[in-house]
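Novice: With the sequence up front, the predicted model follows.
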Amino acid sequence: MKIIGKIADIKESQQVSAGFKKRAFVVEYAENPQYLEYILFELIQDRCELLDTFQVGQEVEVSFNLKGRKWVNPEGETKYFNSLQAWRIESPSSNTTEQKPVPEVSTTPISEEDDLPF
């Protein structure tokens, strides 16, 4: 999944355990400009560094996966958690596809001897 929006907030990386770190950021998303949405994303492990080259207010395209988890607390109650795990962040202008050049068409008239027989 992908969305394009402006970075509204960037948090510092958190070392959750010896082998796991995460970093959160918020994107201001304007599917309907009258009602802005603030979408919280997280980056994990080595992806935390993806935010180092971006600033608050910058427009970005975020590629992410929707993750869901089930947890049963000590009282036996089941809880569900969702997260948006980003795996790529780039400037929208950086992902434009390169256009192939159009071959040139000769404007020179074809002589009768060059004409095909069919």
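Specialist: Great, that's in hand. Because the structure is predicted, anything quoted here is derived from the model rather than measured. Numbers count the residues shown, from 1 in each chain.
Novice: next SSE after the helix-or-strand element of the chain with minimal mean pLDDT?
Specialist: Here the helix or strand of the chain ranked lowest by mean pLDDT, DSSP states H and E is strand 14-17, holding a mean of 92. Downstream of strand 14-17, the next assigned helix or strand under DSSP states H and E is strand 20-29.
Novice: export that following strand as PDB, just CAs?
Specialist: The C-alpha trace of strand 20-29 is given here as PDB (Å, rounded to 0.1, in the frame of the first residue of the first chain):
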ATOM      1  CA  PHE A  20      14.700  -4.600  18.500                       C
ATOM      2  CA  LYS A  21      14.200  -0.900  17.800                       C
ATOM      3  CA  LYS A  22      11.400   1.100  16.200                       C
ATOM      4  CA  ARG A  23      10.700   4.700  15.200                       C
ATOM      5  CA  ALA A  24       7.400   6.500  14.700                       C
ATOM      6  CA  PHE A  25       6.400   9.300  12.400                       C
ATOM      7  CA  VAL A  26       3.100  10.900  11.400                       C
ATOM      8  CA  VAL A  27       1.900  11.800   7.900                       C
ATOM      9  CA  GLU A  28      -0.700  14.500   7.300                       C
ATOM     10  CA  TYR A  29      -2.900  12.900   4.600                       C
END
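Novice: residues making contact with the helix or strand that that strand is followed by?
Specialist: On the C-terminal side of strand 20-29, the closest following helix or strand by DSSP H and E is strand 37-44. With contact meaning C-beta atoms under 8 Å, 6 or more residues apart in numbering, strand 37-44 is reached by 3, 5, 8, 20-31, 50-51, 62, 64, 83-87. In this view, the C-beta of every residue, glycine as well, is placed from N, C-alpha and C.
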